[in-house]
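Q: Quick one: sequence and predicted model below, then my questions.
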Amino acid sequence: MATATSTRVLTTSLRGSSVRDLALVVAGAAFIAVSAQVSIPLPFSPVPVTGQTFAVLLTGAALGASLGVAATGLYLAAALAGLPVLAPTETGGHLTGSAVLTMPTLGYVAGFMAASAVVGTLAARGFTRSPLRTVAAMLLGNVVIYGLGLLWLRHALAASWSDAVAWGLTPFLVGDAVKIALAVGVLPAAWSFVRD
């Protein structure tokens, strides 16, 4: 049986009304959109280095599964609606509207929603309260993002698995380790400021 503390996420004390929940969803989507603008294109890959995964995983952990999925869904909806929220392309522009559905990195964006659900669920079970469990939650979230991202990347570019991994996974492992270390520093410490 779940206890009150085992079903809490960082923003539980802020939630309650529909207006507050909507504000948290909009804030989460905005955080992801801003993080996407921190983008470094790689000349050998269609996938840039961005701050998105860090923002997505933190958003899922802080908001929980339902609001985290809503925030990442709103982020994708904003791109489809024509807002320049995705990471810039190699030419500095932004894909928007229906072009989003054909981009080779669409699988990663879809993975954001699934990862938010996974990390948010784990956070509600206390996984973000200790460093080791935070690492486990962040690793699992990354596995979900890369799983869907690589599947779509391979399909969209008619690439081999080895090329998809070389373009869409291996260049990002060191950066993801740094992002996980940051999450380990942020999430458990943040709980000390939250009332149980």
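A: Structure's in. What do you need?
Q: Need the contact partners of the one helix or strand in the chain whose mean pLDDT sits lowest.
A: None of the helices or strands of the chain scores lower by mean pLDDT, DSSP states H and E than helix 173-190, at a mean of 85. Helix 173-190 is contacted from outside by 10, 49, 53-54, 57-58, 61-62, 123, 128-131, 134-135, 138-139, 142, using Cβ atoms under 8 Å, 6 or more residues apart in numbering. To be clear about C-beta, it is placed using only N, CA and C from the backbone, and glycine gets the same treatment.
Q: Pick out the residue closest to the middle of this protein.
A: In the chain, the centroid-proximal residue (Cα atoms, centre = their mean) is V56; its distance is 2.2 Å.
Q: Can you tell me how far that residue is from P43?
A: 25 Å (Cβ to Cβ, to the nearest Å).
Q: continuing past whichever helix in the chain runs longest, what's the next helix or strand?
A: Assignment by DSSP state H gives helix 131-157 as the longest helix of the chain. Later in the chain than helix 131-157, the nearest helix or strand by DSSP states H and E is helix 161-168.
Q: Show residues contacting that next one.
A: With Cβ under 8 Å, 6+ apart, helix 161-168 has contacts from 44-47, 108, 146, 149-150, 153-154, 157, 159.
Q: related to what we said a few turns ago, can you say which of the contacts of helix 173-190 are buried?
A: 10, 49, 53-54, 57-58, 61-62, 123, 128-129, 134-135, 138, 142 (16 or more other Cβ atoms under 10 Å).
Q: Select from those every entry located in helices.
A: The helices, defined by DSSP H, take in 53-54, 57-58, 61-62, 123, 134-135, 138, 142 from the buried ones among the contacts of helix 173-190.
Q: Nearest to A81 among the residues you listed?
A: Nearest to A81, judged by Cβ to Cβ, of those is T53 at 22.6 Å.
Q: how near is that closest one to T72?
A: Applying Cβ to Cβ to T53 and T72 gives a distance of 11 Å.
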